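[1] Here is a sequence together with a model predicted from it:
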Amino acid sequence: MVTASGGRSERKQQTRRLLIDTAIDLMAERGITDTRTIDVAERAGVAHGTVFVHFPTREDLIDAVVGEHADRIAGRLHELAGGGVTVRDVLAAHLRGLAEHEAFHARLVMEGPLLPPYARATLLGIQSAISGHLAQAAEQGMAAGVVRRMPVHLLFNTWLGLVHHYLVNRALFAPGGSVVERWGPTLLDHYMGLIGPAKEEGET
Amino acid sequence: MTTTQCIACGMPMNKPEDHAVGDVSKDYCVHCARPDGTMVSREEARVGLTAFMVRTQGIDESAAMGAVDEMMAKLPAWKET
């Protein structure tokens, strides 16, 4: 039997979910810092005050939105199975997660330094999910001689720098479309070539 | 199996081996467990997460610790009520 208070609690959760989903869409379109709580309320079809029932401050809303985004991206990476995961597997999973949430993630990368401390830390948390899986796969690859030996943070930052450059400039690399879909496979192949074992001169 | 999050570091846990000692009734992950299966202390978690960030992302140690403190403040295991 659904009690009255149980129904209220469920409705409250649904409204919270609606506000977060709406805010993610709006922030992806307009920017995280440029999206006002009243815009979220109007798009969601609720009273402005309802936003503050769930999120007492705008910062709380941003924290919740960035946290939800982080869960979605990290979830993709944690779908990878344990032992035999390769560097290519990890980076392909990263690209899949980005492709699904590309517009918001691009905003997050662009506006990261301007966001509240918890949102900034959450972006680093997303990166930790990638760097952790990458380090594990890369160390196995180095031991097997299929990945060039280098510090794992440089391996990670080289990938992130490449992907973020395309993401932040998506309007130049893939106007009107998904830069991850258009460029992801090329970037992945290019990167794998860079980190592969060094070849002797003349060797193909 | 449904995905839950480690109460001590936030890592998603969707496989039995993600949980401490492979026990799905544990609400903390394999990385937040000591060898005897008990959960790490707040300070152990803080130091471990910071070292992980420094090693895999190359971030300055004090900057990494600041980010870890921000994240830990909202995790169920360490949140001050």
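    Cool, the structure landed.

[2] contacts, neighbours, all on C-alpha from now
    Noted.

[3] With A:Thr33 as the reference, measure out to the closest residue to A:Arg36 other than its chain neighbours.
    Leaving aside its sequence neighbours, A:Arg36 sits nearest to A:Arg58 (Cα to Cα, 6 or more residues apart in numbering or on different chains; 8.0 Å). Using Cα to Cα, to the nearest Å, one gets 10 Å for the distance from A:Arg58 to A:Thr33.

[4] Helices along chain A, start to end?
    In chain order, chain A shows helices spanning A:4-30, A:37-44, A:48-54, A:58-78, A:87-100, A:102-111, A:117-143, A:152-168, A:170-173, A:179-195, with DSSP state H as the criterion.

[5] Same question for chain B.
    So, for chain B - with DSSP H - the helices run B:42-57, B:61-72.

[6] mind checking how far A:Pro113 is from chain B?
    13 Å (Cα to the nearest Cα, to the nearest Å).

[7] per-residue pLDDT, that residue?
    Each residue has a pLDDT score; the one for A:Pro113 is 92.

[8] show me what contacts the residue nearest to it when sequence neighbours are not counted?
    Distances taken as Cα to Cα, 6+ apart place A:Arg120 nearest to A:Pro113, at 6.7 Å, with adjacent residues excluded. Residues near A:Arg120 by Cα atoms under 8 Å, 6 or more residues apart in numbering or on different chains: A:Gly112, A:Pro113, B:Ala67.

[9] same deal with A:Gly193?
    Contacts of A:Gly193 by Cα under 8 Å, 6+ apart: none found.

[10] Close to chain A: what parts of chain B are there?
    Selection of chain B residues close to chain A by Cα under 8 Å from any Cα of the partner chain yields B:11-14, B:52-58, B:67-68, B:70-71.

[11] Max pairwise distance over those: which two?
    Of all pairs drawn from the residues of chain B next to chain A, the greatest distance, 28.0 Å, lies between B:Asn14 and B:Gly58 (Cα to Cα).

[12] do you know which of the helices of chain A lies nearest B:Val40?
    Among the helices of chain A, the nearest to B:Val40 by Cα to Cα is helix A:117-143 (19.0 Å).

[13] Over that closest one, what's the mean pLDDT, rounded is fine.
    Across helix A:117-143, pLDDT averages out at 93.

[14] Next, count neighbours for B:Asp36.
    8 (other Cα atoms under 10 Å in any protein chain shown).

[15] now A:Arg182
    Applying other Cα under 10 Å, we find 13 residues neighbouring A:Arg182.

[16] can you check B:Ser62 too?
    Residues near B:Ser62, counting by other Cα under 10 Å, number 11.

[17] Please tell me the pLDDT value assigned to it.
    Here, the pLDDT recorded for B:Ser62 equals 97.

[18] is it true that B:Ala20 touches B:Met13?
    No: using Cα atoms under 8 Å, B:Ala20 and B:Met13 do not qualify as a contacting pair, with a distance of 10.0 Å.

[19] Find the residues that touch each one of those two.
    With contacts taken as Cα under 8 Å, 6+ apart, the residues that reach both B:Ala20 and B:Met13 are B:Cys29.

[20] how near is the closest residue to B:Ala64 other than its chain neighbours to chain A?
    Here the nearest residue to B:Ala64 in space, its sequence neighbours aside, is B:Thr50; by Cα to Cα, 6+ apart that works out to 5.6 Å. Using Cα to the nearest Cα, we find B:Thr50 at a distance of 10 Å from chain A.

[21] B:Thr50: neighbour count?
    The number of residues packed around B:Thr50, counting by other Cα under 10 Å, is 22.
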